[in-house]
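Enquirer: output the structure for:
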Amino acid sequence: MPNVVRKDLDNTSAVLTVTVTRDEIKPKFDAELKKFRQRAAIKGFRQGQAPMDFVKRMYGSAIFGDIVNDLISNDLYNYIREENLNTLGQPLPVENQTMFSYKPTFDEQYSIDFEVGIVPPFEIQGLTTDQTFERLVIDNLDALAAEDLDYARKRMGGRSNPEDDIQDNDMVKIKSNELENGVVKEGGLETTVTLLVKDVKDEALKAELLSKKLHDTLVYRPRSIEDSQDEAKYRKYILGLESDNGQVIGEEFEGTIVEVSRVGLAELNQEFFEGYFGPGVTNEEEAIEQLKKGIAQFYETRSDAILYRNIQEHLVKNNPIELPERFLRRWLMVSNEGKLTQADIDAEFDPFAGNLRWTLIKDQIKDAFGLEVTDEDVRNEYRNKVRAYFQVELPDHLLESSVDRVMAEAKDLEETKSNIEADKIFKQIVTQLTIVEKPIHSEAFHAILELLSKNTEAVPEIDMDNDVIEAEEVV
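Expert: Residues are numbered from 1 along each chain as shown. The predicted structure is shown next:
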């Protein structure tokens, strides 16, 4: 008789009955018992001299369980491989599985029923060139590059302390005293408030500051510097109070401007270009182009991520793969070992199922186009990481030795492989679709990113590898 018998429950689940006989178990059991007797140190007997009946009585149950486990597991997974079953999760012993135990005479046979979840064969729909998707392209790169160049000039510029005026980008320190009824309060708070003029939210206060200079005085409300409603942050970052200070503070202060700090813009000369960009940039036009490349790369990565997400949603929607839902709910409960309640599983199941369908679609695309991650792919990725770290072109021998060292210590090796695979799948997918570019302003782009981030749901990770089922669960 065959060792495994299949009974379909529906299109997506089946029961596999695995049977092992006494004739299969006994030779392995006797051989293993002899080995155990020879090597085990059993108290009261010289090594290898314990009576066989004693060894069998003391350790036979454990040896029997190991042997039955191995036989059943091998038969089960050999059947799954030979029948090319696309199973999900792990086979689970059925809920009413009969328990059995070791007997010195052995039963004629032992059978275990396993429930398995199966994915029916499917063909991917919606992956054709008549499907059009938009890829967002930033249309204000020049303006962004100009802003970055100004920032670079500020970083490389000199700092000064002007005495005759205050400008929008100046940092101002105001030595301040708490007022009560228009006069300095006795025992009131004395503090120094530091602010960046352009960040002051109250327009009247900002205008007054811009009309002042070093050593001028003003009466103002520190709370109007920013519009945050967080009292703890106001007391800590504006008034400079310790968190445990419960002193009641008034709203009005009198202050004297004790310092004005201004960062000047660096001159657009060769010293600036080489100091900030390195060799190769000699003028403002080249600097703008260099900055645009970095900015474009930043947005291209995120634009690809948005495109990938849109394609993923499209393919999942157009491929409602039938899943063994009842089995998967049970599998989630068993595999999480009581960490999830039924209510948790019910709440998580829809996003989990969507993620699972996407995994199945990706696997089919990967197989259909023969996509794989090679060792050289992984080394190239780590070469790029090493180059990015040192930011110089290393000699080949130093580069390769650095890659060897990094890979030997890498904790993200599997994640790196997964990312490479995802990138290959994405690049293959877009060749099967029609992609059109849509210009968009960077502010609108960031609004889309923020919305997507808010709408992203946490989806439980799934392990598609079938681990060996321990027969001791039913022995």
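Enquirer: where do the strands sit along the chain?
Expert: Under the criterion DSSP state E, the chain carries strands at the ranges 4-8, 13-21, 87-93, 109-118, 132-138, 159-160, 171-180, 183-184, 190-196, 217-220, 253-263, 434-440.
Enquirer: got TSV for these, with mean pLDDT, mean neighbour count and distance to Glu274 too?
Expert: Where you see a C-beta, it was placed from the backbone N, CA and C, and this is true even at glycine. Conversion of the strands of the chain to TSV gives the following (pLDDT from 0 to 100; neighbours: other CB atoms under 10 Å; distance: least, CB to CB, whole Å):
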stretch	mean pLDDT	mean neighbour count	distance to Glu274
strand 4-8	94	13	73
strand 13-21	94	19	68
strand 87-93	92	21	59
strand 109-118	93	21	63
strand 132-138	97	16	28
strand 159-160	89	11	21
strand 171-180	96	18	28
strand 183-184	94	11	53
strand 190-196	94	16	30
strand 217-220	96	15	44
strand 253-263	95	18	20
strand 434-440	97	12	34
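Enquirer: of all the ones you listed, which lies closest to Leu291?
Expert: With CB to CB as the criterion, Leu291 lies closest to strand 132-138 of the strands of the chain, at 12.9 Å.
Enquirer: list the pairing partners of the closest one within its sheet, with orientation.
Expert: strand 434-440 (parallel) (DSSP bridges).
Enquirer: tell me where this structure is predicted with low confidence.
Expert: Within the chain, the segments meeting pLDDT under 70 span 1-2, 456-475.
Enquirer: select the longest helix from it.
Expert: Of all the segments of type helix in the chain, defined by DSSP state H, the longest one is helix 284-318.
Enquirer: chain center to it: distance?
Expert: A distance of 19 Å separates the centroid of the chain from that of helix 284-318, by CA atoms, centre = their mean, to the nearest Å.
Enquirer: which other helices and strands does it contact?
Expert: For helix 284-318, the elements it packs on are strand 132-138, helix 141-156, helix 270-277, helix 342-368, helix 413-431, helix 442-455, judged by 3 or more CB pairs under 8 Å, 6 or more residues apart in numbering; DSSP states H and E.
Enquirer: what's the closest non-adjacent residue to Arg329?
Expert: Ile345 (5.6 Å; CB to CB, 6 or more residues apart in numbering).
Enquirer: right, and that neighbour touches Arg330 too?
Expert: No. Shown here, Ile345 and Arg330 do not form a contact pair, counting by CB atoms under 8 Å, at 9.2 Å.
Enquirer: can I get the strands of the chain in JSON lines with distance to Ile420?
Expert: Supplementary listing: the strands of the chain in JSON lines, determined by distance: least, CB to CB, whole Å:
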{"stretch": "strand 4-8", "distance to Ile420": "37"}
{"stretch": "strand 13-21", "distance to Ile420": "34"}
{"stretch": "strand 87-93", "distance to Ile420": "25"}
{"stretch": "strand 109-118", "distance to Ile420": "29"}
{"stretch": "strand 132-138", "distance to Ile420": "21"}
{"stretch": "strand 159-160", "distance to Ile420": "45"}
{"stretch": "strand 171-180", "distance to Ile420": "46"}
{"stretch": "strand 183-184", "distance to Ile420": "66"}
{"stretch": "strand 190-196", "distance to Ile420": "43"}
{"stretch": "strand 217-220", "distance to Ile420": "57"}
{"stretch": "strand 253-263", "distance to Ile420": "43"}
{"stretch": "strand 434-440", "distance to Ile420": "21"}
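Enquirer: right, and the ones you listed - which one's nearest Lys317?
Expert: Between Lys317 and the strands of the chain, the shortest separation by CB to CB is 13.3 Å, and it involves strand 132-138.
Enquirer: tell me which residues are up against that closest one.
Expert: Contacts made with strand 132-138 from outside it, assessed by CB atoms under 8 Å, 6 or more residues apart in numbering, are listed as 144, 295-296, 299, 303-304, 306-307, 310-311, 314, 433-442, 445, 448.
Enquirer: could you do stretch 417-434 as well?
Expert: 127-133, 304, 307-308, 311, 362, 365-366, 369, 371, 373, 377-378, 381.
Enquirer: against Thr132, how distant is the residue sitting nearest the centre point of the chain?
Expert: Closest residue to the average C-alpha location of the chain: Glu415 at 9.2 Å, with CA atoms, centre = their mean. For Glu415, the distance to Thr132 under the criterion CB to CB, to the nearest Å works out to 32 Å.
Enquirer: likewise for Ser224?
Expert: Applying CB to CB, the value for Ser224 to Thr132 is 51 Å.
Enquirer: Gln270 now?
Expert: For Gln270, the distance to Thr132 equals 48 Å [CB to CB].
Enquirer: what does stretch 331-346 rub up against?
Expert: Around stretch 331-346, the neighbours that count as contacts under CB under 8 Å, 6+ apart are Leu88, Gly89, Gln90, Leu92, Gly117, Arg329, Glu348, Phe349, Phe352, Pro460, Asp463.
Enquirer: switch the cut-off to 7 Å
Expert: Counting contacts by CB atoms under 7 Å, 6 or more residues apart in numbering, the residues outside stretch 331-346 that touch it are Gly89, Gln90, Leu92, Gly117, Arg329.
Enquirer: tabulate those (JSON lines), appending distance to Asp168.
Expert: As requested, those are exported to JSON lines (distance: CB to CB, whole Å):
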{"residue": "Gly89", "distance to Asp168": "61"}
{"residue": "Gln90", "distance to Asp168": "64"}
{"residue": "Leu92", "distance to Asp168": "67"}
{"residue": "Gly117", "distance to Asp168": "64"}
{"residue": "Arg329", "distance to Asp168": "60"}
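Enquirer: mind picking the two most distant members of these?
Expert: The span of the contacts of stretch 331-346, defined through CB to CB, is set by Gln90 and Arg329 at 14.0 Å.
Enquirer: distance to Ala50 added to the helices and strands packed on helix 284-318, as TSV?
Expert: Written out in TSV, the entries for those read as follows (distance: least, CB to CB, whole Å):
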stretch	distance to Ala50
strand 132-138	73
helix 141-156	80
helix 270-277	80
helix 342-368	50
helix 413-431	46
helix 442-455	66
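Enquirer: which of the ones you listed sits closest to Asp30?
Expert: helix 413-431 (42.3 Å).
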